[in-house]
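Chemist: Sharing a model prediction with you, sequence too.
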Amino acid sequence: MSKKPLEGIKIIDFTHVQAGPACTQMLAWFGADVIKVERPGSGDVTRNQLRDIPEADALYFTMLNSNKRSLTLDTKKPEGKEVLTKLIRESDVLVENFGPGALDRMGFSWENIRELNPKMIVASVKGFSDGHHYDDLKVYENVAQCAGGAASTTGFWDGPPTISAAALGDSNTGMHLAIGILTAIIGRQQTGRGQRVAVSMQDSVLNLCRVKLRDQQRLDRVGYLEEYPQYPHGTFSDVVPRGGNAGGGGQPGWVLKCKGWETDPNAYIYFTIQGHAWAPICRAIGKPEWIEDPNYMTAEARQPHIFDIFNTIEAWLSDKTKFEAVDILRKFDIPCAPVLTMKELANDESLRASGSIVEVDHKVRGKYLTVGSPIKFSDLKPEITGSPLLGEHTEEVLLELGYSAEQVAHMQESRAV
Ligand code: COA
């Protein structure tokens, strides 16, 4: 079997909850040796959160920590510090997402780590970037979505700011951190030196909200946003409003009801009116007379009655399920998709075949579903494994570091590991 691209890269995974673990899990999929360092006895808090099987690690943990090894270590005890020091000397990357200052308080500041191993890359997730006026705050997902501009621009205009179910603050930040780590590894090949890589959750959310920053500037200049439902009949204030399900770019779109919506909360499709697809749309929905009608011919002409158009499309959809509708519309090259539930996604044969959803084995819970790599390579097929039990690899890692079996037993007795 050929080598995986990140084989030989050793990562001290000092992460917990979601943002950091999502990053290191991806690096593990691609071949890195990821050693998850956890507090003896308890471990990552997600092992216990939202358990569905009383004695088994929660899915929250198992789905973010596949392909890793678990080492328990109390890094506040002298023996624990000694083990961590040894690990730092022979690793490539240390990833952490502790609260602000925790690593320094543990005695492992960036300066200390650099002294121990000048090649080390230290990668951190924090809620806010260094020097930000909120940089002392601890942060979780939804806090970041509020701080990064996602919440104020998500939801309906007559409702409160709304949180997205997608982990824009957590996993998204982890993905940014992975890019930072890989960049630092390539940088090190040129300079021979490691460096500090830091990603804030606020910045990562903001990076995905860039179109809303675009809209703020357009609003400042012209006073309205033509693709929002508020235009042209409603009013705009001086901040980007929530746009419901409107399309974020130049293509108007909306979530439209299909057959069965009265009882099935997900009997909907997303329908996009792509400008150059107007003629096929008219043909598909049985309104060929709209193709040349000056009231409908251009995007500008359509905008004032865009919701009348959506209502007409909904009338056409009323006797079609979301799947039937998409099967018809795809023949006309119209950008659309059914609104899929988690149950439908879990059973989706295409996602199983591509490895985007995989079934893996866990020593205690048995089989469970988890996500596989969303990145596909021609020469690498990541094999997803179950997550490690707490401390499953403690002895193995300590022996690799040169400790004797007696020393390991002593550390276990004193609860340093
Ligand atoms: N051995 C000994 N001590 C350990 C340890 C180990 N193996 N692992 C962690 N600890 C200690 C830390 O040193 C810290 O001690 P201190 O505060 O006395 O210095 C303590 O555990 C708590 O760490 P902290 O990360 O602050 O945990 P928390 O539960 O209070 O906060 C978060 C959790 C997620 C809010 C916080 O870690 C945070 O804001 N992280 C940055 C942003 C982030 O990643 N958010 C989560 C996204 S999913």
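Modeler: Sure thing, it's come through.

Chemist: Go ahead and report the secondary structure state at the closest residue to residue 414 other than its chain neighbours.
Modeler: What sits nearest to residue 414 in space, not counting adjacent residues and going by C-beta to C-beta, 6 or more residues apart in numbering, is residue 79, at 6.6 Å. (C-beta placed from N, C-alpha, C; glycine too.) Classification of residue 79 using DSSP: H, G, I helix; E, B strand; the rest coil returns helix.

Chemist: Residue 79 is in contact with residue 416, isn't it?
Modeler: Yes: between residue 79 and residue 416 there is a contact under C-beta atoms under 8 Å: 3.9 Å.

Chemist: And the strands in this protein?
Modeler: Listed in chain order, the strands of the chain (DSSP state E) span 10-14, 33-38, 69-72, 93-96, 121-126, 196-200, 253-257, 268-272, 336-338, 357-362, 366-371.

Chemist: can you tell me which of these comes nearest to the ligand?
Modeler: The ligand lies closest to strand 121-126 among the strands of the chain, at 4.4 Å (C-beta to the nearest ligand atom).

Chemist: Scan this protein for its longest helix.
Modeler: What stands out as the longest helix in the chain, according to DSSP state H, is helix 171-191.

Chemist: Find me whatever residue is spatially closest to the residue nearest the centre of the chain, sequence neighbours aside.
Modeler: Relative to the mean C-alpha position of the chain, the nearest C-alpha, by C-alpha atoms, centre = their mean, is the one of residue 171, at 3.1 Å. Excluding its sequence neighbours, the residue lying closest to residue 171 (C-beta to C-beta, 6+ apart) is residue 22, at 4.1 Å.

Chemist: and that neighbour, how many neighbours?
Modeler: 25 (other C-beta atoms under 10 Å).

Chemist: Number the chain from 9, please
Modeler: All right, first residue 9 from here; so that's residue 30.

Chemist: My guess is it contacts residue 176. True?
Modeler: No: the pair residue 30 / residue 176 is not scored as a contact, 11.9 Å apart, by C-beta under 8 Å.

Chemist: quick one: low-confidence ranges for the stretch 259-408 of the chain?
Modeler: Residues of the stretch 259-408 of the chain that meet the criterion pLDDT under 70 are absent altogether.

Chemist: mind listing the helices for it?
Modeler: Remark: helices assigned in the stretch 259-408 of the chain by DSSP state H, counting those that start in this stretch are 286-292, 307-310, 314-325, 330-337, 350-354, 357-362, 402-408.

Chemist: mind checking which of those is nearest the ligand?
Modeler: Taking C-beta to the nearest ligand atom, helix 402-408 is the member of those nearest to the ligand, at 11.8 Å.
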